[in-house]
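J.: All I have is the shape, not the residue letters:
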């Protein structure tokens, strides 16, 4: 009888804790996206199936829902590309220029 009473108390406490625990929810990280006029002038690099743009020392991309994100750590492929290809930025007034 004593074991049954202890088990009932343990179950009651467990149920109370489960109901009081916060519900997990997805966290959205807001990223300042490059402005459209900057995107229009940068040459994209395609990585993981989407265009990536080097801006303010980060690689920015749009996810499948159209939201902007950036890589916290620079992927090796994009790092190698950045150092092995000249950076071009299109200026509509006069063609391409090296940075």
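T.: Right, received. Where do you want to start? Model, not experiment: these values are computed from the prediction.
J.: which residues touch residue 44?
T.: 51-53 (CB atoms under 8 Å, 6 or more residues apart in numbering). Where you see a C-beta, it was placed from the backbone N, CA and C, and this is true even at glycine.
J.: Wait, a strand at residue 83?
T.: No - read with DSSP: H, G, I helix; E, B strand; the rest coil, residue 83 is helix and lies in no strand.
J.: And it, how far from residue 51?
T.: From residue 83 across to residue 51, the span is 19 Å (CB to CB, to the nearest Å).
J.: who's more crowded, these two?
T.: Higher neighbour count among residue 83 and residue 51: residue 51, with 14 against 7, using other CB atoms under 10 Å.
J.: you'd agree the more buried one is in a helix?
T.: No - Residue 51 is assigned strand when assessed by three-state DSSP, not a helix.
J.: okay, the nearest residue to it once chain neighbours are set aside: pLDDT?
T.: Leaving aside its sequence neighbours, residue 51 sits nearest to residue 44 (CB to CB, 6 or more residues apart in numbering; 3.5 Å). Among the per-residue scores, residue 44 holds a pLDDT of 93.
J.: and what of the one 5 residues further on?
T.: In the prediction, the pLDDT value recorded for residue 49 is 92.
J.: I'd like to know how many residues surround it.
T.: Counted with other CB under 10 Å, residue 49 comes out at 7.
J.: how about stretch 53-64: buried residues?
T.: For stretch 53-64, the buried set under the neighbour-count rule, 16 or more other CB atoms under 10 Å, comprises 53-55, 58-61.
J.: Thank you kindly, that will do.
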